[in-house]
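Asks: structure for the following, please:
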Amino acid sequence: MELRELEVQIPTRAGHSLGGTLFLPEGKPVQTIVISSATGMLQKFYRAFSRHFASRGYAVLTFDYHGIGASGGKVSELRTNRFDLVHWGSNDQAGAVRYLKTRYPEAPLTLVTHSIGGQLCGFNAEFANIDRIILVASQSGYWRLYSGWHKWKLWKFWHVLIPWLTPLFGYFPAKPLGLFENLPREMALQWSRWGKHPDYMMSAEKQEGFHFRQMKMPLLSLSFPGDSLAPPVAVDWLTRQYAQARVTRVHYTREGKKPGHFGYFRPAFRETLWEATHRWITRNEWDSPK
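Replies: Numbering: from 1, shown residues only. So this is what the prediction gives:
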């Protein structure tokens with residue numbers, strides 16, 4: 001099957017466009033997927049996963065949030081970016097869903113979220129156009145839900161690094177610290193506030209565009225042993241916030257190589273996790289890969 005990769009510009013309600021990539025099968029797509037990235041992860045990280053699902057007949061859209069990579073990720077652009085984390089859900093993720101649904105209105109749409117992407121989709125103004133949601137290692141970032149060294153690493157991240165460095169630079173300089181891509185000022189500061197609050201992003205409940213309890217579609221929530229960035233207790237907390245969704249909760253415990261926080265999207269799991277995901281999307285059933 002001949003696959004196509006198209007660089008696209010995704011329009012948003014806020015007026016700025018997002019850099020995206022559309023992966024297309026040879027024929028008419030039978031399903032569609034939007035991938036909502038982890039914090040500071042460039043969309044190219046999801047290329048192998050996207051190509052695989054395009055080979056199965058899906059149209060797959062990846063994109064960079066506003067302030068990341070192809071969507072205004074230069075330092076000069078970051079210093080003028082005043083959009084927050086909720087905006088990444090209500091405008092950016094929503095814009096990606098709207099773009100793909102408009103292009104293929106008859107194909108069922110699955111939103112695949114990685115880490116913070118699953119926190120954002122409760123603010124997604126286009127939630128009615130989402131047929132299924134897959135949360136991949138999506139969690140609360142509240143530091144007290146973590147244990148060991150990572151608990152105190154998160155405390156330092158929320159209480160020291162972001163609050164001190166972000167005002168100094170005008171953005172959060174994550175890249176020089178060896179973490180991920182640099183982050184916009186308001187996005188980073190809001191993320192820090194969430195991380196210090198027991199209710200995490202639910203502390204923004206009074207903000208306009210709060211949709212967590214309106215989402216009633218099937219939802220698959222995945223976690224993995226040894227994932228210090230998304231321990232089961234933090235993943236369970238986030239999953240519970242989608243109180244009306246029809247939840248399938250899976251803690252992947254297959255013996256052998258462990259996915260960790262990032263491995264789900266790597267080709268090593270093509271025959272296991274990727275195939276199980278395809279079955280869940282098309283048959284609404286999860287068979288733990290053998």
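Asks: isn't there a strand covering residue 249?
Replies: Yes: the assignment for residue 249, made by DSSP: H, G, I helix; E, B strand; the rest coil, places it in a strand.
Asks: give me the three-state assignment for residue 86.
Replies: Residue 86 ends up helix, using three-state DSSP.
Asks: show me what contacts it?
Replies: By C-beta atoms under 8 Å, 6 or more residues apart in numbering, the contact set of residue 86 is 120, 123, 190, 204, 207, 209. Just so you know, the C-beta spots here come from the backbone N, C-alpha and C atoms, and that holds for glycine as well.
Asks: start and end of stretch 244-260, how far apart?
Replies: By C-alpha to C-alpha, to the nearest Å, the extent of stretch 244-260 from end to end equals 28 Å.
Asks: what residues sit buried inside that stretch?
Replies: Applying a neighbour-count criterion of 16 or more other C-beta atoms under 10 Å, one finds 245, 248-249, 252, 254, 259-260 buried in stretch 244-260.
Asks: need the residues that contact it.
Replies: Contacts for stretch 244-260 (C-beta under 8 Å, 6+ apart): 133, 213-227, 232, 235-236, 239, 263, 266, 268-269, 272-273, 280, 286, 288-290.
Asks: could you redo the last one with a cut-off of 7 Å?
Replies: 213-227, 232, 239, 268-269, 272-273, 280, 286, 288-289 (C-beta atoms under 7 Å, 6 or more residues apart in numbering).
Asks: what's the answer for stretch 275-287, then?
Replies: Contacts for stretch 275-287 (C-beta under 7 Å, 6+ apart): 31, 56, 110, 132, 134, 218, 220, 248, 250, 289.
Asks: start to end distance for stretch 2-22?
Replies: Start-to-end, stretch 2-22 (C-alpha to C-alpha) is 14 Å.
Asks: an error on my part: the question was meant for stretch 253-270.
Replies: 16 Å.
Asks: how far does that stretch sit from its chain's centre?
Replies: 17 Å (C-alpha atoms, centre = their mean, to the nearest Å).
Asks: which intervals of this structure have sub-threshold pLDDT?
Replies: Low-confidence segments of the chain (pLDDT under 70): 1, 205, 207, 255, 288-290.
Asks: centroid-nearest residue for it?
Replies: residue 117 (2.2 Å; C-alpha atoms, centre = their mean).
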